[in-house]
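Asker: What follows is a predicted protein model with its sequence.
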Amino acid sequence: MPQNRPGWAASNACPDKLLADGAVPPNHVPMFNELPVPLSPGDQLDVRVHNDAALSGSFSVNMDGTLTIPFLKDIPVLGLTAEQAEAKVAKALTSAGLYRASTVRVSVKLKHWATIQVSVAGAVFQPGRSLVGDRKPDGSVDQDLGDSTPGRYLSYAIKGAGGVRPDADLGKVRLTRSGTTRVLDLTGIFTGSAMEDPPIMQGDQVFVPSSGCIHSDLVRPSQITPPGIRVFLSNLTQPAASNAQSAISTQATNVPYGTRLLHGAISANCVGGIRLTNASRSVVLATTNPITRQTEVIERSVEELVRSKDRDLINPYLLPGDGIACYDSAVTNGRDVMRSLLETVVPIPVVRSVTGW
């Protein structure tokens, strides 16, 4: 039997908001100076050595994190900024005896960031490898030099993993690089206060812990939540014999993140019509508890949803992959039962001649 209310929304609701509007997260320390944009394998650099075309050109960082330039030994640049790589190239030129330290002039500029893979785990909808900083489908680059690629930041990696679940603890997000872990506060994405969104590099590991309770503040579109979700709708109520007859299209099954059950029922055309026969229709929601990952099934009457539209326990938020099914009212069910009995006991032609059906 369906439950009276979803466990994840009923017993796991967080008592407090993330932060008061406009508040600054506690212990906020800007980290942009500590974590400059680092180079990763595949990043493309424009290297210019003054008056030397043989040593100048476009070079990509190798998979082992080195930069290969003609006549020089491979230069390790993994995790460095373009400015630090410039100093490394200048030193390699002098070490090879090609230039003196006083005369070498080198320019290293970023041409294009490569797509990188970052591991994202914890309270996200799709944990695993997240592809960050992907190019356009045709592989084109927006600029000749200095492509900033905003996708190479922490928030993009989290969104690439499906976004955070409602139980995420955004004040304790962990970013691990080369064995060193930093704890970051991303609550500012939802509160508008100062926050940290550091750049990331190939091999970084991100962990979003669970708070053990549900933050309704997180159930809305944002930088680190889904812009929209796909739900599965089924409406075979009278007089429809299929979802097509209920006008359930692909557009109806794609709703903004933060949509509640009542709006999902409206998308499935479960709401409306003759009040006497349709008001007591019921809606069944099959959802997955984001904390326990167990499937839960609840049932609501349409009338109950309309009366208590602002109560989380009655009208819960929809999550990715939820399923909604509509059932006819008791009046419609009784009418169908009577019709079936009549068709079984009395021949159909006789019924039609007497009743005019």
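Answerer: Sure thing, it's come through. Numbers count the residues shown, from 1 in each chain.

Asker: Low-confidence ranges, the stretch 151-300 of the chain, go.
Answerer: 235-252, 272-280 (pLDDT under 70).

Asker: just the helices in the stretch 201-350 of the chain please.
Answerer: Applying DSSP state H, counting those that start in this stretch to the stretch 201-350 of the chain gives helices spanning 250-253, 261-267, 275-278, 302-307, 330-345, 348-355.

Asker: any idea how far Ser308 lies from Leu262?
Answerer: In this structure, Ser308 lies at 9 Å from Leu262, with Cβ to Cβ, to the nearest Å as the measure. Glycine gets a C-beta too; all of them are placed from N, C-alpha and C.

Asker: can you list residues touching both of the two?
Answerer: Asn315 (Cβ atoms under 8 Å, 6 or more residues apart in numbering).

Asker: which one of these two has more residues nearby?
Answerer: Each of Ser308 and Leu262 has its neighbours counted (other Cβ atoms under 10 Å); Leu262 has more, 22 against 14.

Asker: and Ala54, that's in a strand?
Answerer: No. Under DSSP: H, G, I helix; E, B strand; the rest coil, Ala54 sits outside any strand and is assigned helix.

Asker: For the closest residue to Asp167 other than its chain neighbours, give the beta-bridge partners.
Answerer: Among residues not flanking Asp167 along the chain, Ser210 sits closest, at 4.8 Å (Cβ to Cβ, 6 or more residues apart in numbering). Assessed by DSSP bridges, Ser210 has beta-bridge partners Ala168.

Asker: give me the number of residues near Ser210?
Answerer: Ser210 has 15 neighbours, counted by other Cβ under 10 Å.

Asker: what about it, distance to Tyr257?
Answerer: 18 Å.

Asker: picking that back up, the residue nearest to Asp167: what's it in contact with?
Answerer: Ser210 touches Gly122, Ala123, Arg165, Asp167, Ala168, Asp169, Ile291, counting by Cβ under 8 Å, 6+ apart.

Asker: most neighbours, which of the residues you listed?
Answerer: Among those, Ala168 has more neighbours than the rest - 26 neighbours, counting by other Cβ under 10 Å.

Asker: wait, doesn't that residue sit right on Ala121?
Answerer: No. Ala168 is not in contact with Ala121 according to Cβ atoms under 8 Å; the separation is 11.8 Å.

Asker: hey, what's in contact with both of the two?
Answerer: By Cβ under 8 Å, 6+ apart, the residues touching both Ala168 and Ala121 are Val208.

Asker: and which of the contacts of Ser210 is nearest to Tyr317?
Answerer: Closest to Tyr317 out of the contacts of Ser210 is Arg165 (11.4 Å), distances taken as Cβ to Cβ.

Asker: residues in contact with that closest one?
Answerer: Residues in contact with Arg165 (Cβ under 8 Å, 6+ apart) are Ala123, Val124, Phe125, Ser210, Leu218, Pro290.

Asker: Now tabulate those residues in a markdown table and tack on distance to Pro38.
Answerer: Output for the contacts of Arg165, formatted as a markdown table (distance: Cβ to Cβ, whole Å):
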| residue | distance to Pro38 |
| --- | --- |
| Ala123 | 26 |
| Val124 | 23 |
| Phe125 | 27 |
| Ser210 | 29 |
| Leu218 | 29 |
| Pro290 | 32 |
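
Asker: what's the closest residue to Val49 other than its chain neighbours in contact with, if anything?
Answerer: Nearest residue to Val49 in three dimensions, chain neighbours excluded: Leu55, at 4.1 Å (Cβ to Cβ, 6+ apart). Contacts for Leu55 were tallied using Cβ under 8 Å, 6+ apart; they are Val47, Val49, Ile69, Pro70, Phe71, Leu72, Leu93, Leu98.

Asker: So Arg48 versus Pro70, what's the distance?
Answerer: Taking Cβ to Cβ as the measure, Arg48 falls 14 Å from Pro70.

Asker: ugh, wrong one, I meant Leu262
Answerer: Plainly put, Leu262 is 67 Å away from Pro70 if you go by Cβ to Cβ.

Asker: One more: Phe125?
Answerer: Distance, Phe125 to Pro70, by Cβ to Cβ: 47 Å.

Asker: out of the two, which sits in the busier spot?
Answerer: Set side by side, Phe125 and Pro70 show more neighbours around Phe125, with 17 against 9, by other Cβ under 10 Å.

Asker: pLDDT value on the more buried one, please?
Answerer: pLDDT, Phe125: 93.

Asker: State the distance from it to Pro166.
Answerer: Counting by Cβ to Cβ - Phe125 and Pro166 are separated by 10 Å.
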